[in-house]
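Asks: model this:
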Amino acid sequence: MPEELWSIPAIWPALSFVERQQHLYMTLVFTVVYIIVISAILSFGYSFIYRIVGPPRYGPYDLPQPQVKVGRYKR
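Replies: Purely as a prediction, here's the structure:
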């Protein structure tokens with residue numbers, strides 16, 4: 001830690017805690033990775049449950065899907 005930070009008395013406890021941590025950068029990287037993975041799992045779970053029990057895709061005032069058959073384009 002830079003010496004200038006130790007001259008601020010209010011952050012001594014935080015600086016001493018950070019200095020005692022071993023492998024701090026790797027711990028922070030794994031924490032971020034875990035947060036991303038857990039939030040992705042929760043997001044997929046939410047979207048799966050919402051698809052099952054959520055409201056219908058189209059309401060009573062929506063027009064039906066057009067019944068158009070599209071063929072291959074020939075030049």
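Asks: neighbours of residue 47, how many?
Replies: 11 (other C-beta atoms under 10 Å). C-beta: built from backbone N, CA, C; applies to glycine.
Asks: give me the mean pLDDT for the helix or strand where residue 4 lies.
Replies: Under the assignment given by DSSP states H and E, the secondary-structure element containing residue 4 is helix 3-6. Here the mean pLDDT over helix 3-6 is 80, rounded to a whole number.
Asks: CA atoms only: put the following helix or strand past that helix into PDB for me.
Replies: Toward the C-terminus, helix 3-6 is succeeded by helix 12-20 as the next helix or strand (DSSP H and E). What follows is the C-alpha trace of helix 12-20 in PDB, where atoms were taken according to Å, rounded to 0.1, in the frame of the first residue of the first chain:
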ATOM      1  CA  TRP A  12      -6.500   2.200   8.800                       C
ATOM      2  CA  PRO A  13      -8.800  -0.800   9.600                       C
ATOM      3  CA  ALA A  14      -9.700  -1.300   5.900                       C
ATOM      4  CA  LEU A  15      -6.100  -1.100   4.800                       C
ATOM      5  CA  SER A  16      -4.900  -3.500   7.400                       C
ATOM      6  CA  PHE A  17      -7.700  -6.000   6.500                       C
ATOM      7  CA  VAL A  18      -6.800  -5.800   2.800                       C
ATOM      8  CA  GLU A  19      -3.100  -6.300   3.500                       C
ATOM      9  CA  ARG A  20      -3.800  -9.500   5.500                       C
END
